[in-house]
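Enquirer: Task: produce atomic coordinates for the following.
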Amino acid sequence: MSHETIYQAIYVQSRGSLREELTRQVALRSGRADRRPQSRAAAGGRSRRPWIGDLHISARPAEADDRAVPGHWEGDLVIGKAGRSAIVTLVERATRYVMLGALPQGRDTEAVIAVLTDLAQRLPAHLRRSLTWDQGSEMAAHAAFTVATGCPVYFCDPHSPWQRGSNENTNGLLRQYFPKGSYDFRSIDQAGLDEVAHEMNTRPRQTLGWATPAERLDHLIAT
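Expert: Take a look at the predicted model:
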């Protein structure tokens, strides 16, 4: 059974109380009540992305997969109201440590790479092992990021958000602070984003045995 079969069962074949919940948009965190089919034309356009080269996620070091070795990150952009603003989000796979970056100058590739570089340089070199991103054009200049930080970038397969599962979950949690569709990220600066990241990093996590991401990262840096 594929994930698409499950989606269809929820969105298309639902009946009774489940259909009512979907109609009221309370069943899923995304808030959508209908399945959005992907356009073949759009998919074809997304496949022509020369900056990806051979840096598919399948080429990422195997040590990143089981989260046993720290320093492997997942990243994305969270888009603000009417698509006019955005921030960078990063999460470390082993510790779930979060970093956020303001994009006051827009989200073209030069601006995104500059912010990513600043965030990565907050970390010691041994915690900059890899960064996994989707195939968005904001990473077209990723080679400059790798040269500046020593951190290689790998790209997920199309339509595969689960390959950045920690980041997807983090972005969902961020919507508690920045409501989807109504928040303008131009209203918050880097200091404000650092405060939000601090709150998230000092929140105990069940997946960490109720330790906090900050505690786990501090331990790694100390050792």
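Enquirer: Okay, buried residues for the helix or strand encompassing Thr117 please.
Expert: Assignment of secondary structure by DSSP states H and E places Thr117 within helix 109-120. Judged by neighbour count (16 or more other C-beta atoms under 10 Å), helix 109-120 contains these buried residues: Thr109, Ala111, Val112, Ile113, Ala114, Val115, Leu116, Thr117, Asp118, Leu119, Ala120. (Each C-beta comes from the backbone N, C-alpha and C, glycine too.)
Enquirer: ok, now how distant is the residue nearest to the second one when sequence neighbours are not counted from Ala114?
Expert: In space, not counting the residues next to it along the chain, Ala111 is nearest to Gln105; the distance is 4.7 Å by C-beta to C-beta, 6 or more residues apart in numbering. Between Gln105 and Ala114 the distance, using C-beta to C-beta, to the nearest Å, works out to 8 Å.
Enquirer: Check which residues of stretch 177-194 are buried.
Expert: If you call a residue buried by 16+ other C-beta under 10 Å, then stretch 177-194 has these buried ones: Phe178, Lys180, Tyr183, Phe185, Ile188, Gln190, Leu193.
Enquirer: where does the protein dip in pLDDT?
Expert: Scanning the chain with the threshold set as pLDDT under 70 gives 3-4, 7-47.
Enquirer: just the strands in it please.
Expert: Counting by DSSP state E, the segments of the chain that form strands are 72-79, 86-92, 98-102, 130-133, 153-155.
Enquirer: Let me see the residues that make contact with stretch 204-215.
Expert: Surrounding stretch 204-215, the residues in contact under the criterion C-beta atoms under 8 Å, 6 or more residues apart in numbering are Glu92, Thr95, Arg96, Tyr97, Val98, His198, Met200, Asn201, Thr202, Arg203, Arg216.
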